[in-house]
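Engineer: My questions concern the predicted model and sequence given below.
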Amino acid sequence: MKIGIIGAGQLGRMLALAGYPLGSRFRFLDRSSDAPGAQVGEIVLGRFDDAEQLAALANSVDLMTFDVENVPADLLYDIADKINFLPPVPALETAQDRLREKRLFAELEIPTPRWQPVDSLDALHAAVDDIDLPAIVKTCRLGYDGRGQTVLRKLEDLQPAWERFAGVPLILEQFVRYEREVSIIGVRSTEGETAYYALTENVHEHGILRHSLAPYDVPNLQRLAEKYLQRVFDRYDYAGVLTIEFFVIDGKLVANEIAPRVHNSGHWTIEGAVTSQFENHIRAIRGLPLGDTSGLGHAAMVNFLGQLPVLEPVLAIRGAHYHDYGKSPRPMRKLGHCTITAETAAARDEGLLSLLALVG
Ligand code: AMP
């Protein structure tokens, strides 16, 4: 079973590492021949909008999936006509566009911050009149890890924000004051089987995930998050792993965004759950029985951004699992991560503190 993955980043690499024991083999499409996936599979060199190379990959594999979201949907629809392509293209197309995403949440009655589409400076003023300040303006497309967005605190911020993003569709969102950020990761197989991981608490800095803690053990929110995820599964006749990120506000879940793929906030599942998100994604798209998503105690995951900490002191922390993606360093680039697993939350938190002291 040869699986093609669009994008050979760390997510693709971890998918391949999980898929090999199940007999899957991997080929990636990527612009770079030394992307993380190159260590564990063949690379077809090409851009993500290169129709010819996409077709070349599709012609050489049995099944296709992706580790990047920014692939033109029209090209993927062509591919999905010819070969099994999962998760479904419409789910990816929705996640690529914040306006579509917000409309999906509205349709499925999943609460979000208040929002308005913006296509002119006048529309931005009208949206601010309606939503009030502070607010956050985001580009509808190509925004990730805090890029493509800016906070508006006073009326004088509107004109510069408009000029900064002029020409692309925008969305204005109410700036919410949340207690915490959490995510739910679930998986649905082509056979319709579903399974859910424990809610994960995520701590971001400058829009980039710094660390995650699991489980975020609040049973009523767990049930609600699973219900919301189930609605998205049903809407797309989904197969694969799917993530929804939420804000917790006044003890309630308010959705921020969906990711139709394995997710950074689920890296702890490699050592902290019976079956990882990566293995379950492969099982799901191949139509195999899903693996148990139960947690094995308590886990913390810390991203290594910009530089890798020295290996030995990290490994000396009890329950530490070090992941080096094999990327060259660049400021704030995700180069690796470490997961701490422990039997109790207190032991996990102690390990996390030691790890954070090494990461800086
Ligand atoms: P996003 O790219 O939408 O995931 O946003 C990146 C980060 O910005 C989030 O993880 C939040 O920390 C923050 N953020 C995004 N939207 C809002 C909002 N409406 N109100 C407050 N903070 C937000």
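Structural biologist: Arrived safely. Numbers count the residues shown, from 1 in each chain.

Engineer: Relative to the ligand, how far out is Val68?
Structural biologist: As judged by C-beta to the nearest ligand atom, to the nearest Å, Val68 and the ligand stand 15 Å apart. Quick note: C-beta positions are derived from backbone N, CA and C, even for glycine.

Engineer: That residue: how many residues sit nearby?
Structural biologist: Residue neighbour count, defined by other C-beta atoms under 10 Å, stands at 18 for Val68.

Engineer: Where does it fall, secondary structure wise?
Structural biologist: For Val68, there is no host helix or strand (DSSP states H and E).

Engineer: Report the contact partners of it.
Structural biologist: Ile6, Gly7, Gly9, Phe48 (C-beta atoms under 8 Å, 6 or more residues apart in numbering).

Engineer: Setting aside sequence neighbours, what's the nearest residue to Asp237?
Structural biologist: Nearest residue to Asp237, sequence neighbours excluded (C-beta to C-beta, 6 or more residues apart in numbering): Pro88, at 6.7 Å.

Engineer: What are the boundaries of the helices in this structure?
Structural biologist: Secondary structure of the chain (DSSP state H): helices at 10-19, 51-59, 73-82, 89-95, 98-107, 121-131, 158-165, 219-236, 269-272, 277-286, 311-315, 345-359.

Engineer: which one of these has the lowest average pLDDT?
Structural biologist: With a mean of 91, helix 158-165 has the lowest mean pLDDT of the helices of the chain.

Engineer: Distance-wise, check Gly143 relative to the ligand.
Structural biologist: Per C-beta to the nearest ligand atom, Gly143 is found 6 Å from the ligand.

Engineer: one step back: looking at the contacts of Val68, state which has the most neighbours.
Structural biologist: Using other C-beta under 10 Å as the neighbour criterion, Ile6 leads these with 27 neighbours.

Engineer: can I assume that one is in contact with Leu54?
Structural biologist: Yes - using C-beta atoms under 8 Å, Ile6 makes contact with Leu54 at a distance of 7.2 Å.

Engineer: Name the residues contacting each of the two.
Structural biologist: What both Ile6 and Leu54 touch, as defined by C-beta under 8 Å, 6+ apart, is the set Leu29, Phe48, Val71.

Engineer: would JSON lines of these with distance to the ligand and pLDDT be doable?
Structural biologist: Shown next, in JSON lines, are these (distance: C-beta to the nearest ligand atom, whole Å; pLDDT from 0 to 100):
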{"residue": "Leu29", "distance to the ligand": "25", "pLDDT": "98"}
{"residue": "Phe48", "distance to the ligand": "19", "pLDDT": "95"}
{"residue": "Val71", "distance to the ligand": "18", "pLDDT": "95"}
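
Engineer: Just the closest of the contacts of Val68 to the ligand, please.
Structural biologist: Proximity of the contacts of Val68 to the ligand (C-beta to the nearest ligand atom) peaks at Gly9, which lies at 17.4 Å.
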